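Peer 1: dropping the sequence and predicted coords here.
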Amino acid sequence: MPLSENEQRLLEQIERALVEDDPKFASTVRSTNPRTYLLRRVRRSLLLFGLGLVVLVVGVALNRTPLIVVLGILGFVLMLFAARRGAADLRRMSGRGVEQGGRHPSPSRRRTRTSVVERLEERWRRRWEDRDGR
């Protein structure tokens, strides 16, 4: 949704005041790209995934039964955490799943989920209405 003229004017005034008060901070904010930050997080997730894989393989390579279980679980948990975090960051980078202003879509934009029974009832009702119309 585009900003109104009044909102744009207020935003420009706030930006000018920020530049006058703290020019170093303003230049830092202007030069920061959120995609760079997210890309760094994705790389860290890949490294963490690789570390989890190494821990898992080391656990399997050792022939001590209790150690295999502990290292296997630890490696799997690391890989799972890294995969979820990396996938979430990739989703953010692509712009899907998150709106501009916040972390989650607003309640008005969320699809209302109907239960299976409600959908079946609706189909049944439409089927009988179609028969009556013939």
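Peer 2: Great, that's in hand. Residues are numbered from 1 along each chain as shown.
Peer 1: for the nearest residue to L90 once chain neighbours are set aside, helix, strand, or coil?
Peer 2: Residue nearest to L90 in three dimensions, not counting chain neighbours: V42, with 6.1 Å by Cβ to Cβ, 6 or more residues apart in numbering. Bear in mind the C-beta positions are built from the backbone N, C-alpha and C, glycine included. Following DSSP: H, G, I helix; E, B strand; the rest coil, V42 is assigned to helix.
Peer 1: isn't V42 up against A88?
Peer 2: No. Using Cβ atoms under 8 Å, V42 makes no contact with A88, being 9.7 Å away.
Peer 1: out of the two, which sits in the more crowded spot?
Peer 2: In terms of neighbours (other Cβ atoms under 10 Å), V42 is the more surrounded of V42 and A88; the figures are 19 against 16.
Peer 1: where are the low-confidence patches of the chain?
Peer 2: 1, 96-113, 133-134 (pLDDT under 70).
Peer 1: ok, which stretches of it are helices?
Peer 2: 5-21, 23-31, 34-61, 65-94, 116-133 (DSSP state H).
Peer 1: off-centre distance for the fourth one?
Peer 2: Yep, that's helix 65-94 we're talking about. 16 Å (Cα atoms, centre = their mean, to the nearest Å).
Peer 1: which helices and strands sit right next to it?
Peer 2: When contacts are defined as 3 or more Cβ pairs under 8 Å, 6 or more residues apart in numbering; DSSP states H and E, helix 65-94 sits against helix 34-61.
Peer 1: report the buried residues of the helix it packs on.
Peer 2: In terms of neighbour count (16 or more other Cβ atoms under 10 Å), helix 34-61 has its buried residues at L38, R41, V42, S45, L48, F49, G52, V55, L56, G59.
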